[in-house]
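In: I'll drop the sequence and a predicted model, then ask my questions.
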Amino acid sequence: MFRVRFTSEDLLGVTFAAGPAPLMELVLVAAMAQREVSPVFGRWRDVIRAGFPREARRLLELVPPTATGPMFLDPLSRGLEDGLDAVLSARTDTVRTELARVCRTSRPVTPWLRGLADRDGDAWQELEQVLRSAYASFVEPSWSRIRSGFDAERAWRTRQLAGQGIRATLAGLVPGSYWEGTTLVLACDKEADAHLSGHGLVLLPSAVWDGPPVMAVHDDSPSILIYPALTPLPLLQAHDEDHPLTALLGRTRAAALGLLTRQLTTTDIARELDISKSSASEHAKALRDARLIVTRREGKAVWHSCTPLGLDLLGGSVLSP
């Protein structure tokens, strides 16, 4: 069992990540390439293994099948570039501590890892190239589906939180989990005991991960809990002409509804769908009239987001294989 020990401050500080973190998703993909996976991920994992670029294989020296690689490698960033900036500017003492931990528990010590620990310029330049190559091969082509899965998961859990409370929501992240006082016991084969530091917990669902929850415990900032999203990546569909929502709402309107699991302005919708602002406004009005979204005005901005009915409609379509 995996026990997560909360303080009262941690329970009050549980939040969701703003979005999937590019480098964290990449680390999870690298771990999945080395794991035995569930049948739904089998073909996807085989494609990842077969297509791993030669220049990116160094990543496997850093990331074990458990996904518990060095914590400086997968910051909670909004984009690739700011994530890479965080990796390349990691403190030397942190780098050495984390590399020592990983090598002690799961990875052999290689000349390249020694170079990273010694801040060798060539080794760090190669690390940047490795991360860029692997991201371009495995994460970037699936990013819209990864984002869609994250948004649907967060919308579902947020609604669950409003209806059932924090204890039921957290216990529901992994089926069979339960509470012992302020300790969350996650039902999985992983034996671990995590003591939170009073700075809260960030929940980060991933559509590319099917292993046990992974915890990054921080002493001076919120800890991070990574867990498998309800819908795995191979079952997430793009919104195209064959998608069930497309037949019901039309291609653009279905895509707009899918975006609105997060709160967006009319301008945001227009930009993400590459349509005019007036067209985005018309689609938003139609969705609002159907009670699938709600709209509020804040100054000059008009914000839109899904209603429970819209979330139910998306949930039924996203979960369909």
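Out: Perfect, thanks for sending it. Numbering: from 1, shown residues only.
In: Contacts only, for residue 302.
Out: Shown in contact with residue 302 (CB atoms under 8 Å, 6 or more residues apart in numbering): 265-266, 281, 284, 295-296. The way it works is simple: take the backbone N, C-alpha and C, and place the C-beta from them, glycine included.
In: Which secondary structure state is assigned to it?
Out: strand (DSSP: H, G, I helix; E, B strand; the rest coil).
In: State the pLDDT value of it.
Out: The model reports residue 302 with a pLDDT of 92.
In: For residue 139, grab phi and psi.
Out: In terms of degrees, to the nearest 10, the main-chain angles of residue 139 are phi -100, psi -50.
In: ugh, wrong one, residue 148
Out: phi -60, psi -40.
In: for the one 5 residues further on, same thing?
Out: Dihedral angles of residue 153 (phi, psi; degrees, to the nearest 10) stand at phi -60, psi -50.
In: and if you look at residue 263?
Out: phi -70, psi 120.
In: nearest to residue 94, of the contacts of residue 302?
Out: Comparing the contacts of residue 302 against residue 94 with CB to CB picks out residue 265 as the nearest, at 38.0 Å.
In: Kindly tell me how buried the closest residue to the closest one other than its chain neighbours is, as a neighbour count.
Out: Once flanking residues are discounted, residue 265 sits nearest to residue 301: 5.0 Å by CB to CB, 6 or more residues apart in numbering. Using other CB atoms under 10 Å, residue 301 is surrounded by 11 other residues.
In: Kindly check the end-to-end length of stretch 172-184 for me.
Out: 11 Å (CA to CA, to the nearest Å).
In: sorry, back to before: my read: the residue nearest to residue 265 touches residue 264, true?
Out: No. Taking contacts as CB atoms under 8 Å, residue 301 lies outside contact range of residue 264: 10.0 Å.
In: What about the contacts of residue 302, which are in strands?
Out: Under the assignment DSSP state E, the contacts of residue 302 contribute 265, 295-296 to strands.
In: most surrounded residue in those?
Out: Result: residue 265 is most packed of the ones in strands among the contacts of residue 302 (other CB under 10 Å), 17 neighbours.
In: Distance check, it against residue 133.
Out: Distance from residue 265 to residue 133, counting by CB to CB, to the nearest Å: 35 Å.
In: One more: residue 200?
Out: 34 Å.
In: the strands in the stretch 201-321 of the chain, which residues?
Out: 201-206, 214-216, 223-228, 264-265, 293-298, 301-306 (DSSP state E, counting those that start in this stretch).
In: which residues touch the third one?
Out: This means strand 223-228. So strand 223-228 is in contact with 4, 10, 17, 24, 28, 67, 76, 173-174, 194, 196-197, 199-207, 209-211, 213-218, going by CB under 8 Å, 6+ apart.
In: how about 7 Å then?
Out: Here strand 223-228 makes contact (CB atoms under 7 Å, 6 or more residues apart in numbering) with 24, 76, 173-174, 196-197, 201-206, 209-210, 213-217.
In: The second one now?
Out: Residues lying outside strand 214-216 but in contact with it, judged by CB under 7 Å, 6+ apart, are 4, 67-68, 71, 194, 223-226.
In: In space, what's closest to residue 95 - neighbours in sequence excluded?
Out: Residue 95 sits nearest to residue 72 (CB to CB, 6+ apart), 5.7 Å away.
In: what do you get for residue 294?
Out: Closest residue to residue 294 apart from its sequence neighbours, by CB to CB, 6+ apart: residue 307 at 5.5 Å.
In: check contacts around the one you found.
Out: So residue 307 contacts 291-294 (CB under 7 Å, 6+ apart).
In: Then residue 7?
Out: 196, 198.
In: and with 10 Å instead?
Out: Residue 7 sits next to 13, 182, 195-200 when contact means CB atoms under 10 Å, 6 or more residues apart in numbering.
In: Among these, which lie within helices?
Out: Under the assignment DSSP state H, the contacts of residue 7 contribute nothing to helices.
In: List buried residues within these.
Out: 13, 196-197, 199-200 (16 or more other CB atoms under 10 Å).
In: from those, which two are the most distant?
Out: 13 and 197 (10.4 Å).
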